[in-house]
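Q: generate coordinates for the sequence data below:
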Amino acid sequence: MNGTVLTYARWGLPTRESFLVGKKTDRGVTNIRNPASPHWRRWLRPPNRCLVPLSKFAESIPGGNAWFALPDDQPAFFAGLHVPQWTSTRKLKDGETTDDLYGFLTCAPNSEVAEVHPKAMPVILTNPVEWNTWLNGAWDQAKALQRPLPDGALIRL
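A: This is a model prediction of the structure:
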């Protein structure tokens, strides 16, 4: 992982243009479930892949959030995509801005997340081999990481 950079970016990748017809803003797409979509393919190569650090994450439930974490505080990352210097209007009050953007891949949920979100969970990478494969591997290797953590790997906080 030589040349790795830690940087700030705005959550939400560019929305597909056909979804923006008649809209004045692009709030961004935060989760990528179908990387085979032609919209995402241009950003699947290593220069646009990133690791998004996490200590815990939330899924929305009625009345708040359900929080999840790895049980032993081990380093973990979402498998992300990064689009640098994208110009768009995210909020009308801000007008057009140029931002570094990111989002992350999702997959079917494991058993813990499925209890509150039966459709998806973020792709979480937990070891250096996975991190390196995500950042530098050929797409067929990197895409194989789009899978849930094993059942029992997360605790609900």
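
Q: quick one: contacts for the spatially most central residue of the chain?
A: The residue at the geometric middle of the chain, judged as the C-alpha nearest the mean C-alpha position with CA atoms, centre = their mean, is Phe104 (1.1 Å). When the contact criterion is CB atoms under 8 Å, 6 or more residues apart in numbering, the partners of Phe104 are Thr30, Asn31, Ile32, Val52, Phe78, Ala79, Gly80, Leu81, Pro122, Val123. C-betas here are computed from N, CA, C, even on glycine.

Q: same deal with Val113?
A: Listed by CB under 8 Å, 6+ apart, the contact set of Val113 reads Glu59, Phe68, Met121, Pro148, Leu154.

Q: recalculate using a threshold of 7 Å.
A: Val113 sits next to Glu59, Phe68, Met121, Leu154 when contact means CB atoms under 7 Å, 6 or more residues apart in numbering.

Q: so which strand or helix has it?
A: Using DSSP states H and E, Val113 sits in helix 111-114.

Q: run the chain-centre distance for the longest strand seen in the chain.
A: Under DSSP state E, the strand in the chain containing the largest number of residues is strand 76-89. Counting by CA atoms, centre = their mean, to the nearest Å, strand 76-89 is centred 8 Å from the centre of its parent chain.

Q: picking that back up, which ones among the contacts of Val113 are found in strands?
A: The strands, defined by DSSP E, take in Glu59, Phe68, Met121 from these.
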